[in-house]
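Enquirer: what shape does this take:
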Amino acid sequence: MPMGTPFPVASAEELSPAARSIDATHARIKAAWAEAAKEPEPTPPAPLPAGIAEKTRLEIEEGRRRNAMALANRAQAQPPKKDPSEGTTEPVYRPGEFVPNMEQGHIPTKSYKVL
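Expert: Here you go, the predicted structure:
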């Protein structure tokens, strides 16, 4: 643009075919996004066949029966006897002023003379 010419601003002129194509593409993309953002309508689950429902009911009853039997067995069981040697240690006496000998087991290194 030559110097001194005002910058063109939006006007009421008709858009070019390329600009209309870009605007139409953007509108289609926004519509597709809006359609994709919608949550699908939930469908109710299909009813279970009678055989499967009966088998499930029988399995639940069997589980309840076994749980009751396990609780009864646990109530009748005697606690295991404790071994007197387990869980005990010899007490160790350490007075509060005990300080270990830090030189114990220390091997002094030889000093070497530099020639």
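
Enquirer: contacting residues for Ala72?
Expert: Residues near Ala72 by C-beta atoms under 8 Å, 6 or more residues apart in numbering: none. All C-beta atoms are positioned from the backbone trio N, CA, C, and that covers glycine.

Enquirer: give me the element it is part of.
Expert: helix 50-76 (DSSP states H and E).

Enquirer: what segments of the chain are helices?
Expert: Counting by DSSP state H, the chain has helices at residues 17-37, 50-76.

Enquirer: report the mean confidence score over the first one.
Expert: Within the predicted structure, the mean pLDDT of helix 17-37 is 88.

Enquirer: now do the buried residues in that helix.
Expert: By neighbour count with 16 or more other C-beta atoms under 10 Å, helix 17-37 contains no buried residues.

Enquirer: put the alpha carbons of it into CSV.
Expert: What follows is the C-alpha trace of helix 17-37 in CSV, where atoms were taken according to Å, rounded to 0.1, in the frame of the first residue of the first chain:
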residue,chain,number,x,y,z
PRO,A,17,-15.8,-16.7,-3.3
ALA,A,18,-12.6,-17.8,-1.4
ALA,A,19,-13.6,-16.0,1.8
ARG,A,20,-17.2,-17.4,1.5
SER,A,21,-15.7,-20.9,1.1
ILE,A,22,-13.5,-20.4,4.2
ASP,A,23,-16.4,-19.1,6.3
ALA,A,24,-18.6,-22.0,5.1
THR,A,25,-15.9,-24.5,6.0
HIS,A,26,-15.6,-23.0,9.5
ALA,A,27,-19.3,-23.1,10.0
ARG,A,28,-19.4,-26.8,8.9
ILE,A,29,-16.5,-27.6,11.4
LYS,A,30,-18.3,-25.8,14.3
ALA,A,31,-21.5,-27.7,13.5
ALA,A,32,-19.7,-31.0,13.4
TRP,A,33,-18.0,-30.3,16.8
ALA,A,34,-21.4,-29.3,18.3
GLU,A,35,-22.9,-32.6,17.0
ALA,A,36,-20.0,-34.6,18.3
ALA,A,37,-20.2,-32.9,21.7
